[in-house]
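A.B. asks: Got a predicted structure plus its sequence, pasted below:
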Amino acid sequence: MKCRNCGSENCQIINEVHTTGTDFSASQGCCGYILFGPLGILCGVCGQGRQTHNTQYWVCNNCGNKWRL
């Protein structure tokens with residue numbers, strides 16, 4: 001792969017990870033415990049929208065230019 005900016009072949013691919021959402025809701029866990037006992041704590045995990053997004057880029061080691069294919 002050649003850099004689009006300087007033409008160098010000294011490039012590498014990197015992976016950027018972005019996460020959105022939450023892991024555990026304490027309020028849902030407490031409500032679940034009150035309603036269903038110890039197993040209700042798992043309600044704090046139910047319905048949570050944690051998502052992971054991976055984006056791959058090429059980076060030139062000479063000029064620092066970053067681009068996607």
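C.D. replies: Arrived safely, thanks for sending.
A.B. asks: Check the offset of the helix or strand hosting residue 35 from the chain's centre.
C.D. replies: Following DSSP states H and E, one finds residue 35 within helix 26-36. Here helix 26-36 shows a centroid-to-chain-centroid distance of 27 Å under the convention C-alpha atoms, centre = their mean, to the nearest Å.
A.B. asks: Let's test this: mean pLDDT of that helix, rounded?
C.D. replies: In this model, helix 26-36 has a mean pLDDT of 75.
A.B. asks: Hmm, residue 52 and residue 21 touching each other?
C.D. replies: No: applying C-beta atoms under 8 Å, one finds residue 21 not in contact with residue 52, separated by 9.2 Å. Heads up, the C-betas are built off the backbone N, CA and C, glycines and all.
A.B. asks: residues near residue 3, how many?
C.D. replies: 20 (other C-beta atoms under 10 Å).
A.B. asks: Please list all residues in contact with it.
C.D. replies: 9, 10, 11, 58, 60, 62, 63, 65 (C-beta atoms under 8 Å, 6 or more residues apart in numbering).
A.B. asks: How about the secondary structure of it?
C.D. replies: State at residue 3, reduced to three classes by DSSP: H, G, I helix; E, B strand; the rest coil: coil.
A.B. asks: Compute the distance between it and residue 14, please.
C.D. replies: Per C-beta to C-beta, to the nearest Å, residue 3 is found 14 Å from residue 14.
A.B. asks: what do those two both touch?
C.D. replies: The contact sets of residue 3 and residue 14 overlap at residue 58 (C-beta under 8 Å, 6+ apart).
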